[in-house]
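Student: okay, here's the prediction I keep looking at, along with the sequence it came from:
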Amino acid sequence: MDEPMQVYSVSDFQAVCNQIMETAFSGVIVEGEVASFKVNQGKFVFFDLKDEQSSVGCFMMKFALRFPLEDGMKIRVRAVPKLTNWGKFSLTVQAIMPVGEGSLKKSFELLKKKLTEEGLFAPEKKRPLPEPITKIGVISSTQAAGYADFCKILNERWGGLEVQVAHTQVQGMTAADQIIKALAYFNERSEVQVIALIRGGGSADDLAVFNDEALVRAIAASKIPVITGIGHEVDESLCDLAADVVASTPSNAAQMLTRDRRETIAGMRDDVKRINNLFNTKVDELLRINRDEIARVGHDIVVKITTVENEIAAQCKILEQLNPDKVLERGYALMRGDTKVGSVVEITTFKQEIEAKVTKVKER
Amino acid sequence: MAKNVSEKISELKTGVDWFYSDDFKLEEASDRYKALTNLAKEIEKDLAEMKNEINVIAEDFSK
């Protein structure tokens, strides 16, 4: 005889169904295209997720909607399946992520416009990197190639840094929340001077997490300056726009955070060489000044001696002109004695001494 | 307390700047130059020996 079958009330049946689905799909990821997107009362989000054959209703809270949605966008949802009290099957969505180039681009542009209008990316909000940097917080997957590149360049360029690494997922639907927690971790402790968010290259889908609204807002709100080094040079994410400093790659982030010890050593050697040259130049200059001074003093002395010599020569010339012999030489005679008739006078000429008797005196 | 390499580099820069300043005195220059040369060698040694300390935080951010 058949076992009697369990009889359920409708509510019990619905509860059991939900229990079974929860056990079977504690978290399921479903990909499809958005249709009939709407927000009720500003907080409840409803949309259908469909493909070519099927469609399933989705529900989520608006605060969990971290990428802008529009009908036609292709997305991936992490959700729990549920049978509602009205017997309708739906997905209770915990997280979404756009997929495919078109959806990612659309979502990026919509969110960029919204956050730009809020001033989240304003240039005046950007802070420079501190100087010198000795303590760095890194958020990355320690298994990622980008992280290895970052550490390699960091170690090559500089030393003595204290680096704390928060290991998180850097792609996938849980990555944004993990990175947000890591940002909060560093900000709560305030032990590092700068936070580096690092992730190597990848497809647009891989990098989609860096356009997550909550993550972008967490970066913009960080008390500690944030530098991003995400993807390759051509990749631009909203996290880049919100960060204080943007590096083109993880390696470039390591370069921007550190001095290069080889350049520093070369610079120091140049400095020491330059001041040695400067020192020698200054000594040479002082020697030249001394030589010039000595030459100038010597010249001044010669000029003064010449002047005195010239003055003496001039005086001598005057004296020479006053010499009575010079007058006698010109034919004059000097007469001494009484100029009375019969007196004897002495007459001196240039060549002779004469005595003469006065025989006649007459007034001129 | 021993100076770290950044402080030493800063001291070197200040020392170099003195040579270009109005405070320059020839009678002090030789001693200062010798001191800076020694400081530069010390910094080179420090830079060659310095290693970074990279620690992965134990916290599990996936929870």
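Tutor: Nice, thanks for sending it over. Residues are numbered from 1 along each chain as shown, chains lettered A, B, ... in the order given.

Student: neighbours of the one residue in chain A that gets nearest to chain B, how many?
Tutor: Per Cβ to the nearest Cβ, the residue of chain A with the smallest distance to chain B is A:G159, at 2.6 Å. For glycine as for every other residue, the C-beta is placed from the backbone atoms N, C-alpha and C. Using other Cβ atoms under 10 Å in any protein chain shown, A:G159 has 18 other residues around it.

Student: all helices of the stretch 51-200 of chain A, in order?
Tutor: A:101-117, A:145-157, A:175-189 (DSSP state H, counting those that start in this stretch).

Student: nearest to A:M256 among those helices would be which one?
Tutor: Of all the helices of the stretch 51-200 of chain A, it is helix A:145-157 that lies closest to A:M256, at 10.1 Å by Cβ to Cβ.

Student: packing partners of that closest one?
Tutor: With contacts defined as 3 or more Cβ pairs under 8 Å, 6 or more residues apart in numbering or on different chains; DSSP states H and E, helix A:145-157 has these neighbours: strand A:135-140, strand A:162-167, strand A:194-199, helix A:250-257.

Student: can I get the helices of the stretch 51-200 of chain A in TSV with mean neighbour count?
Tutor: Conversion of these to TSV gives the following (neighbours: other Cβ atoms under 10 Å in any protein chain shown):
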stretch	mean neighbour count
helix A:101-117	16
helix A:145-157	19
helix A:175-189	20
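
Student: which of those helices sits closest to A:G267?
Tutor: That would be helix A:145-157 among these, by Cβ to Cβ, at 13.8 Å.

Student: what helix or strand does B:A48 sit in?
Tutor: B:A48 is part of helix B:26-49 when elements are defined by DSSP states H and E.

Student: so which residues of chain A form strands?
Tutor: A:28-40, A:44-50, A:55-61, A:74-83, A:89-98, A:135-140, A:162-167, A:194-199, A:226-230, A:245-247, A:334-336, A:344-348, A:353-357 (DSSP state E).

Student: will you turn those strands into JSON lines that also has mean pLDDT, mean neighbour count and distance to chain B?
Tutor: Converted to JSON lines, these look like this (pLDDT from 0 to 100; neighbours: other Cβ atoms under 10 Å in any protein chain shown; distance: least, Cβ to the nearest Cβ, whole Å):
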{"stretch": "strand A:28-40", "mean pLDDT": "93", "mean neighbour count": "15", "distance to chain B": "16"}
{"stretch": "strand A:44-50", "mean pLDDT": "94", "mean neighbour count": "19", "distance to chain B": "25"}
{"stretch": "strand A:55-61", "mean pLDDT": "94", "mean neighbour count": "17", "distance to chain B": "21"}
{"stretch": "strand A:74-83", "mean pLDDT": "92", "mean neighbour count": "20", "distance to chain B": "14"}
{"stretch": "strand A:89-98", "mean pLDDT": "91", "mean neighbour count": "20", "distance to chain B": "14"}
{"stretch": "strand A:135-140", "mean pLDDT": "97", "mean neighbour count": "25", "distance to chain B": "8"}
{"stretch": "strand A:162-167", "mean pLDDT": "96", "mean neighbour count": "20", "distance to chain B": "4"}
{"stretch": "strand A:194-199", "mean pLDDT": "96", "mean neighbour count": "28", "distance to chain B": "12"}
{"stretch": "strand A:226-230", "mean pLDDT": "96", "mean neighbour count": "26", "distance to chain B": "16"}
{"stretch": "strand A:245-247", "mean pLDDT": "96", "mean neighbour count": "21", "distance to chain B": "18"}
{"stretch": "strand A:334-336", "mean pLDDT": "91", "mean neighbour count": "11", "distance to chain B": "72"}
{"stretch": "strand A:344-348", "mean pLDDT": "93", "mean neighbour count": "13", "distance to chain B": "73"}
{"stretch": "strand A:353-357", "mean pLDDT": "93", "mean neighbour count": "10", "distance to chain B": "76"}
